[in-house]
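# Sequence first, then the predicted structure:
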Protein chains: 2
Amino acid sequence: MSQTLSQLEAFFPYRFAVAAERFSRNLMDVYGKSYGLSREEWRLLFLLSQAEEIASNELAQRTTLDKVQLSRASKRLADKGLITREVAANDRRLKLYKCTDKGRSLFEEIKPQVDARAHEILAAMDGDARVALQTGMRELLKALDAPEQGGEDQTAP
Amino acid sequence: MSQTLSQLEAFFPYRFAVAAERFSRNLMDVYGKSYGLSREEWRLLFLLSQAEEIASNELAQRTTLDKVQLSRASKRLADKGLITREVAANDRRLKLYKCTDKGRSLFEEIKPQVDARAHEILAAMDGDARVALQTGMRELLKALDAPEQGGEDQTAP
DNA sequence: AATAGATTGTTGCAAGTGAAACCAAATTGT
DNA sequence: ACAATTTGGTTTCACTTGCAACAATCTATT
């Protein structure tokens, strides 16, 4: 039964990365294969479908997308007619992103399927383990957000 | 303090992916920036540094690397002189991978640094949260490994 | 033994990605 | 008001990645 794991398989960072990879890929199958959205496009559409209008500088803070990814993903979404992007009137460097009706309705179509798939995976877990995972993840995110408690940059400028 | 999260930020799969991405990137900084190894190369070196000799078909099972990734990563590692790969005598389609002394000593040099970085991040978490994360992750991996309880493949062959 | 089929590793090509360069617009300092 | 710096978005270039075709080798069927 309990076959011994290789040291790599026992290595927590590896297990973490593998789990995340599989989980993510599982969901990508839903919005990717069927609807041709990349992960960045999906995230952006997700965000925009809820807000009326978001400026690019706001997005940069709220997402893990850097400006290059944002530029490319938004261009593709705009080409597909799912969002619009127009230059802001007050600051013409910025762009204002809006979800079109088409984009919003596509999101409404996809979202339940993604939820279902995620739920399907998590439902296979024990209830206690599920909450453990969620609380653990929340704390990990805090730890990753924390100001790198000193050990980050040893080189002087 | 507790600013309301956007629905995307509250979406568990998103949080999971972000956490994994940051965590992984943090470690990649160690073996990547300083030693020029890709994640696949690092994993392969990790695995090979422990075993005497591994055949490619074994590797396919034990890793998340598909055959293309394996071919490319192993070629690069071989070019750097960190591993050797020779065709198996009994089945000349297969290849046998071995870690060279150079590869093993490089691994021994990097591994503690990766451990240290991982520990540094996890140490910023509360102890309870840390074990919660680990048990949750273990159960999630089980759930992901599980025979996809029905909903996976609806297309008949 | 010979052909058909399956398995394995590599390669070619198109699409994607990251880092740096680049251009446009705004802000600051003089 | 003008030049210098800063900020934001796009583009370019080199490199990686995923998918599919490919060649090489083994297995099975006749």
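Great, that's in hand.
# Need the residues that contact the helix or strand hosting residue A:120.
Element membership for residue A:120 (DSSP states H and E) is helix A:101-123. Here helix A:101-123 makes contact (Cβ atoms under 8 Å, 6 or more residues apart in numbering or on different chains) with A:23, A:26-27, A:29-31, A:34-35, A:37, A:42, A:45-46, A:48-49, A:77, A:81-83, A:99, A:130, B:12-13, B:140, B:143-144, B:149, B:151. Bear in mind the C-beta positions are built from the backbone N, C-alpha and C, glycine included.
# Quick check: mean pLDDT of that helix?
For helix A:101-123, mean pLDDT is 96.
# now stretch A:130-140
Stretch A:130-140 shows a mean pLDDT of 95.
# hang on, residue A:61 is in a helix, isn't it?
Yes. Counting by DSSP: H, G, I helix; E, B strand; the rest coil, residue A:61 is found in a helix.
# Could you tell me the model confidence score at it?
Note on residue A:61: pLDDT of 81.
# Looking at the contacts of helix A:101-123, which are in helices?
Secondary structure from DSSP state H places A:23, A:26-27, A:42, A:45-46, A:48-49, A:77, A:130, B:12-13, B:140, B:143-144 of the contacts of helix A:101-123 in helices.
# Show the buried residues in those.
Buried members of the ones in helices among the contacts of helix A:101-123, counted by 16 or more other Cβ atoms under 10 Å in any protein chain shown: A:23, A:26-27, A:42, A:45-46, A:48-49, A:77, A:130, B:12-13, B:140, B:143-144.
# Which single one of those is nearest to DNA strand C?
residue A:42 (11.1 Å; Cβ to the nearest atom of the strand).
# and residue A:36, what are its phi and psi?
Torsion angles at residue A:36 (phi, psi; degrees, to the nearest 10) stand at phi 70, psi 30.
# Could you give the number of residues near it?
Residues within reach of residue A:36, counting by other Cβ atoms under 10 Å in any protein chain shown, total 10.
# okay, now residue A:97: neighbour count?
22.
# give me every residue that touches it.
A:44, A:48, A:53-56, A:59, A:74, A:83-85.
# just residue A:66 next, same as before
Per Cβ under 8 Å, 6+ apart, neighbours of residue A:66: residue A:60.
# cool, and residue A:88?
Applying Cβ under 8 Å, 6+ apart, the residues contacting residue A:88 are A:55, A:94-96.
# Within the helices and strands, which one has residue A:75?
Using DSSP H and E, residue A:75 falls within helix A:67-79.
# before we move on, what about residue A:133?
Residue A:133 belongs to helix A:127-145 when elements are defined using DSSP H and E.
# what comes up buried for that helix?
Buried residues in helix A:127-145, defined by neighbour count with 16+ other Cβ under 10 Å: A:129-130, A:132-141, A:143-144.
# can you list contacts of it?
A:122, A:125, B:12, B:15-16, B:18-19, B:22-23, B:26, B:121-122, B:124-126, B:129-130, B:132-140.
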